[in-house]
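Trainee: using only what follows, build the 3D model:
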Amino acid sequence: MKEFVDATIEFARANQAWAAPMVFVLAFMESLAFLSLLAPATVILVGIGGLIGASGLEFWPIWGAAVLGAGFGDWVSYAFGVAYKDHVKEWWPFRNHPEMLPRGERFMARFGVAGVFIGRFFGPLRAVVPVVAGICKVGPLRFQIANWASAIVWAAGILGPGTILGRYFS
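Mentor: The predicted structure follows:
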């Protein structure tokens, strides 16, 4: 896995024009319910944050790509929950980890729509909360406000520290 992470960051360093599209795809994968459990996107995104600082890449376009990828990933996950409701539990990874959906439902019952915002910042919840929000019929406008607000903060939080440290140490 480390080789994949290193190769991806090195690709971004050598092909800086592809950094924003790569970040979009990585943030989308990190936010999509089914892919987020497979992709080492968080580690790569933190590394790209460091690359931004060390190489002088523009922060804002890459941050915007992370916001869009994260927001659309959660939006698609929410749409799956709305469309497939109880059938979701028959799909991987929920089929193999049946405790994930009830745990997500308890989280949503406790925090409501604020759980959509909070859930983005915790790895195991990030994979479940948008789907559960769709299953629990959180209103689309309320979901999208929490989704996009959390995507804005999350993108800054995942790219910002590496950018600052990369500039400081370069």
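
Trainee: stretch 141-152: which residues count as buried?
Mentor: Within stretch 141-152, the residues that qualify as buried are 143, 144, 146, 147, 148, 150, 151, 152, counting by 16 or more other CB atoms under 10 Å. C-beta: built from backbone N, CA, C; applies to glycine.

Trainee: meant to ask about stretch 56-74
Mentor: By 16+ other CB under 10 Å, the buried positions in stretch 56-74 come out as 57, 59, 62-74.

Trainee: using PDB, write out every CA atom in it.
Mentor: Output of stretch 56-74 as PDB, limited to C-alpha atoms (Å, rounded to 0.1, in the frame of the first residue of the first chain):
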ATOM      1  CA  GLY A  56       4.500  26.000  -4.900                       C
ATOM      2  CA  LEU A  57       1.300  24.400  -6.400                       C
ATOM      3  CA  GLU A  58      -1.700  26.700  -6.200                       C
ATOM      4  CA  PHE A  59      -3.700  25.800  -3.100                       C
ATOM      5  CA  TRP A  60      -7.100  27.100  -4.100                       C
ATOM      6  CA  PRO A  61      -7.800  25.000  -7.200                       C
ATOM      7  CA  ILE A  62      -6.700  21.900  -5.400                       C
ATOM      8  CA  TRP A  63      -8.800  22.800  -2.400                       C
ATOM      9  CA  GLY A  64     -11.800  23.400  -4.700                       C
ATOM     10  CA  ALA A  65     -11.300  20.000  -6.300                       C
ATOM     11  CA  ALA A  66     -11.200  18.400  -2.800                       C
ATOM     12  CA  VAL A  67     -14.400  20.200  -1.800                       C
ATOM     13  CA  LEU A  68     -16.200  19.100  -5.000                       C
ATOM     14  CA  GLY A  69     -15.000  15.500  -4.800                       C
ATOM     15  CA  ALA A  70     -16.000  15.200  -1.200                       C
ATOM     16  CA  GLY A  71     -19.400  16.900  -1.700                       C
ATOM     17  CA  PHE A  72     -20.300  14.800  -4.700                       C
ATOM     18  CA  GLY A  73     -19.100  11.600  -3.000                       C
ATOM     19  CA  ASP A  74     -21.500  12.200  -0.100                       C
END
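
Trainee: what sits up against it?
Mentor: 16, 19-21, 23-32, 36, 45, 48, 51-52, 116, 120, 130, 147-148, 150-152, 154-156, 158-159, 163 (CB atoms under 8 Å, 6 or more residues apart in numbering).

Trainee: buried subset of these?
Mentor: Among the contacts of stretch 56-74, those classed as buried by 16+ other CB under 10 Å are 19-20, 23-32, 36, 45, 48, 51-52, 116, 120, 130, 147-148, 150-152, 154-156, 158-159, 163.
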